[in-house]
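**Q** A predicted structure for the sequence below; I have some questions about it.
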Amino acid sequence: MRLTEPDIQLNAQKKLRHLLTLEGLKEHQLTEILDLAETFFDPATGDLKKVPLLRGKTIMNVFFEPSTRTRTTFEIAEKRLSADVVNLNIATSATKKGESLLDTLWNLQAMGADMFVIRHADSGAAHFFARHVAPHVHVLNAGDGRHAHPSQALLDMFTIRKHKGDIYDLKVAIVGDILHSRVARSQIQALSILGAREIRVIGPRTLMPSHPEALGVHVYHDMDRGLEDVDVVIMLRLQNERMSGARLPSEKEFFRLYGLTEKRLARAKPDAIVMHPGPINRGVEIDSAVADGPRSVILDQVTNGIAVRMAIMAVIFSNAAQLQQQEREA
Amino acid sequence: MKLNLDVNSLLDTLEANLREDPIMGKNPHMIGIRSGGLWIAQQLHQRLGLETPLGELDIAFYRDDFSRVGLHPTVRPSHIPWNVEDAHIILVDDVLYTGRTIRAALNEIFDYGRPAQVLLTTLLERPGCRELPICAQYVGAQLNCDQKVKLLGPDPLELHLIEDKEEVA
């Protein structure tokens, strides 16, 4: 299955119809989402106001893989936009894929879904859905295998921009299990599109993809060197559920070499921020003192995730309306 | 009747009307609808010497045509820096036309709370083309339904009659 069909997510006006991956997107397509996300915050209170934008739309969160943060923030985002929300947590096994996945899709579509938010353990699952949905139905990738997690990367860019300003001035380090991380992959794409000054990946050889340099990043196996002078430190979760075979001696050993402690963080810029997509393995990839410390923006990422997901959905439905308008006028 | 397009004299009319209105004795709060209505509201807010800060409303998320035309490209957050609950509100827009903008604005205001009163004032109105049962308490001047104007601003504020093909303010 081809994973890289960026065009499938664009409509006839070359605007987002689905959001499956950040690969192939332009800077203005990302900043449009980031800028819109800011407008959902009430400047007086900092709250996310409920707005009637997607009243009458039905959004189905179809999760074939467990999730707390992503599913919940998507649900809150959908409710803040006044959409009708249906949550489906579907347990699946390797033998039930292919046709049964399509049957699931068509059944849910027959129930009136306008948008699917999909998470699946298989890379390419969201593309598969996107290829088969009806023309008026949208697909949002909430994480597929090791491939992509675009909404997470966008909320991370939003958080970086909010705390550090323009991304093109920044040196960003992504630390840990790069190999299994769809988050890292999408983050690297987002940082490249937004023109970050330097992107570093830090981790053991066994948790690096075979040619990380091809992603346009600088590779470090020594964490102390890798953190030198960076503005942003993004820690990744050690993904035991995606590991096959022994890639690590032990969690303790991993923490000794790649765990983020106050002492290690001192290598980064004095005003560097610390991020983590969650859930955190305390004492495995990050020390509690750092995760709960003054430079951690981990909980801010969660709040920002709601606004950014609202913006992604608003942009996709807005693009659909504009396309329809053009077709009416033609 | 010759159409008065002098913004200052229209503002004079609105200011005089508002000063006579009982709302002025009730600690009034003002909201302008972005962008033209906000410019007018800034002028009126200053002229009336209101003590509470001016509220700014961007109705982009409340429009009834989102599913037909999508989002306005330059949406900014609404900002009402006081409690709407029980407030006496002067709502200001530049031109009252179909009434749909005011419907959206009222819905948004009510999402903040239940005001005691909302008074509507607009610089101009086109009374013949209303699509909803909405009218303003005070208007500076009336246009015919075929007359369209564009408000340029904020400094200086100028009204221009425009041709049919151009975008309406």
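**A** Received the coordinates, thanks.

**Q** so residue A:125 sits right up against residue A:142, yeah?
**A** No. At 10.1 Å, residue A:125 does not count as touching residue A:142 under the criterion of C-beta atoms under 8 Å. Glycine gets a C-beta too; all of them are placed from N, C-alpha and C.

**Q** common neighbours of the two, please.
**A** residue A:118 (C-beta atoms under 8 Å, 6 or more residues apart in numbering or on different chains).

**Q** which ones are touching residue B:56?
**A** Neighbour list for residue B:56: B:31-32, B:34, B:38, B:78-80 [criterion: C-beta under 8 Å, 6+ apart].

**Q** swap in residue B:141?
**A** Applying C-beta under 8 Å, 6+ apart to residue B:141 gives the contacts B:3-4, B:10, B:13, B:123-124.

**Q** surely residue A:120 and residue A:64 touch.
**A** Yes. Residue A:120 lies in contact with residue A:64 (C-beta under 8 Å); the separation is 4.4 Å.

**Q** hey, what's residue B:122 bridged with?
**A** Beta bridges link residue B:122 to residue B:93, residue B:139, judged by DSSP bridges.

**Q** count the neighbours of it for me.
**A** The number of residues packed near residue B:122 is 28, by other C-beta atoms under 10 Å in any protein chain shown.

**Q** got a pLDDT number for it?
**A** For residue B:122, the model assigns a pLDDT of 97.

**Q** cool, and the one 3 residues further on?
**A** The predicted local distance difference test score for residue B:125 is 94.

**Q** surely residue A:279 meets residue A:66?
**A** No. Here residue A:279 does not reach residue A:66: they are 10.4 Å apart, not a contact under C-beta under 8 Å.

**Q** just the helices in the stretch 151-300 of chain A please.
**A** Counting by DSSP state H, counting those that start in this stretch, the stretch 151-300 of chain A has these helices, from start to end: A:182-193, A:223-227, A:251-258, A:262-265, A:288-291, A:298-329.

**Q** tell me which residues of the fourth one are tucked away?
**A** Pointing back at helix A:262-265 there. A:264-265 (16 or more other C-beta atoms under 10 Å in any protein chain shown).

**Q** packing partners for it?
**A** Applying 3 or more C-beta pairs under 8 Å, 6 or more residues apart in numbering or on different chains; DSSP states H and E, we find helix A:262-265 packed against helix A:223-227, helix A:288-291.

**Q** what does chain B put close to chain A?
**A** Contact residues (C-beta under 8 Å from any C-beta of the partner chain) of chain B with chain A: B:58, B:61-62, B:66-71, B:75-81, B:107, B:111.

**Q** find the closest residue to chain B in the stretch 101-250 of chain A.
**A** As assessed by C-beta to the nearest C-beta, chain B sits closest to residue A:114 within the stretch 101-250 of chain A, at 10.4 Å.

**Q** residues contacting that residue?
**A** Here residue A:114 is in contact with A:57-59, A:83, A:136-138, A:317 (C-beta under 8 Å, 6+ apart).

**Q** buried by neighbour count, from the residues you listed: which ones?
**A** Buried residues within the contacts of residue A:114, counting neighbours by 16+ other C-beta under 10 Å: A:57-59, A:83, A:137-138, A:317.

**Q** tell me the centre residue of chain B?
**A** The centre of chain B sits closest to residue B:93, judged by C-alpha atoms, centre = their mean, with a distance of 1.1 Å.

**Q** quick one: neighbours of residue 69, just the number.
**A** No chain in the question, so chain A it is. Applying other C-beta under 10 Å, we find 14 residues neighbouring residue A:69.

**Q** not what I meant, chain B
**A** The tally of other residues near residue B:69 (other C-beta under 10 Å) stands at 13.

**Q** quick one: contacts for the closest residue in space to it that isn't next to it in sequence?
**A** Nearest residue to residue B:69 in three dimensions, chain neighbours excluded: residue A:325, at 5.4 Å (C-beta to C-beta, 6 or more residues apart in numbering or on different chains). Shown in contact with residue A:325 (C-beta under 8 Å, 6+ apart): B:68-70.

**Q** which of the residues you listed fall in strands?
**A** Judged by DSSP state E, the contacts of residue A:325 include no members of strands.

**Q** between these, which is closest to chain A?
**A** The closest of these, once distances to chain A are taken by C-beta to the nearest C-beta, is residue B:70, at 3.7 Å.

**Q** and the closest one, what pLDDT?
**A** You'll see residue B:70 listed with a pLDDT of 93.

**Q** my guess is it contacts residue A:314. True?
**A** No. Counting by C-beta under 8 Å, residue B:70 does not reach residue A:314; the two are 9.3 Å apart.

**Q** looking at those two, which one has more neighbours?
**A** Between residue B:70 and residue A:314, residue A:314 has the larger neighbour count (other C-beta under 10 Å), namely 26 against 21.

**Q** what does the domain assignment say about chain A?
**A** Using automatic domain parsing, the domains assigned to chain A come out as A:6-149+A:303-329, A:150-298.

**Q** go through these and name the closest to residue B:142.
**A** Residue B:142 sits nearest to domain A:6-149+A:303-329 of all the domains of chain A, at 31.3 Å, using C-beta to C-beta.

**Q** kind regards, and thank you for your time.
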